[in-house]
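Asks: structure for this input, please:
(2 chains)
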Amino acid sequence: AQTVTQSQPEMSVQEAETVTLSCTYDTSESDYYLFWYKQPPSRQMILVIRQEAYKQQNATENRFSVNFQKAAKSFSLKISDSQLGDAAMYFCAYRNNDMRFGAGTRLTVKP
Amino acid sequence: GAVVSQHPSRVICKSGTSVKIECRSLDFQATTMFWYRQFPKQSLMLMATSNEGSKATYEQGVEKDKFLINHASLTLSTLTVTSAHPEDSSFYICSARDLVTGDPYNEQFFGPGTRLTVL
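Replies: Residues are numbered from 1 along each chain as shown, chains lettered A, B, ... in the order given. Model prediction:
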């Protein structure tokens, strides 16, 4: 079974600074998708960024970028120029047929 | 992006009663829907996967007789918690995948969730 591990229960960043959230996963599949979701207090899941496993180029969405290391099964999220609105729970997710989530990282942004 | 709705957003019921939660894809056809459960300060745990017109596939440890899932149309799936007990109190989130748009990611869209409290 696939597992997703987020080793940082909580992270904190100063406004305008950069923070990196870690994620590792375990799978025997070669083709899959990886995602980062943001869950604010409303608990609505919001897609932040996504990556296809067969693409070597790291995905980027404005201030959000990933470092995808397929051989190491690592998928970290970098948030640049952090904003107060970035404060939320962040979940890393793996999808082959269905989507599985890591335990989450609570990000706090300090003004 | 596509919209997934859930109803109700909050429900309080007495122990022993049954509660039905609806999940609808509003502007796309969802051949596959997923039901997740999230306890406070925890992650989303997949409960079951439902395909339109067929029986749901339940994750290990999820009682299919307790959590009845029906996916009768391409836009509606329901989760019924039967004989609810306080330990069933949780946040239930549905998710739907659109397989028609040609989006190579086949993005999965999430509903806003339903908070169930069993007294």
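
Asks: and the residue of chain A found nearest chain B, how many neighbours does it have?
Replies: Residue nearest to chain B within chain A (CB to the nearest CB): A:Met45, separated by 3.9 Å. Bear in mind the C-beta positions are built from the backbone N, C-alpha and C, glycine included. Per other CB atoms under 10 Å in any protein chain shown, the neighbour tally for A:Met45 reads 27.

Asks: and stretch A:20-34, how far apart are its ends?
Replies: Its start and end residues considered, stretch A:20-34 measures 16 Å (CA to CA, to the nearest Å).

Asks: what mean pLDDT does that stretch get?
Replies: The average pLDDT within stretch A:20-34 is 94.

Asks: wait, isn't the residue of chain A closest to chain B in contact with A:Gln39?
Replies: Yes: with contact defined as CB atoms under 8 Å, A:Met45 reaches A:Gln39; the gap is 5.6 Å.

Asks: between those two, which contacts overlap?
Replies: The contact sets of A:Met45 and A:Gln39 overlap at A:Phe91 (CB atoms under 8 Å, 6 or more residues apart in numbering or on different chains).

Asks: and the gap between A:Phe35 and B:Lys14?
Replies: Separation of A:Phe35 from B:Lys14 (CB to CB, to the nearest Å): 38 Å.

Asks: these two - which one has more neighbours?
Replies: More crowded of A:Phe35 and B:Lys14, by other CB under 10 Å: A:Phe35, with 25 against 8.

Asks: on the three-state scheme, that one is what?
Replies: strand (DSSP: H, G, I helix; E, B strand; the rest coil).

Asks: tell me what the nearest residue in space to it that is not next to it in sequence is bridged to.
Replies: Excluding its sequence neighbours, the residue lying closest to A:Phe35 (CB to CB, 6 or more residues apart in numbering or on different chains) is A:Ala93, at 4.3 Å. Beta-bridge partners recorded for A:Ala93 (DSSP bridges): A:Phe35, A:Phe101.

Asks: low-scoring stretches of chain B, by residue?
Replies: Across chain B, the ranges flagged by pLDDT under 70 are B:1, B:99-105.

Asks: return the residues of it in contact with chain A.
Replies: Selection of chain B residues close to chain A by CB under 8 Å from any CB of the partner chain yields B:1, B:34, B:38, B:42-46, B:49, B:91, B:93, B:95, B:104-105, B:107-108, B:110, B:112-113.

Asks: let's see 10 Å
Replies: B:1, B:4, B:32, B:34, B:36, B:38, B:41-46, B:48-49, B:57, B:59-60, B:91, B:93, B:95, B:97, B:104-113, B:115 (CB under 10 Å from any CB of the partner chain).

Asks: buried subset of the residues you listed as a PyMOL selection?
Replies: To isolate the buried members of those in PyMOL, using 16 or more other CB atoms under 10 Å in any protein chain shown:
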select buried, chain B and resi 4+32+34+36+38+43+44+45+46+48+49+59+91+93+95+97+107+108+109+110+111+112+113
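
Asks: tell me what A:Ser74 is bridged to.
Replies: Applying DSSP bridges, one finds that A:Ser74 bridges with A:Thr24, A:Gln69.

Asks: right, and B:Asp98 touches B:Gln108 too?
Replies: Yes: B:Asp98 lies in contact with B:Gln108 (CB atoms under 10 Å); the separation is 8.5 Å.
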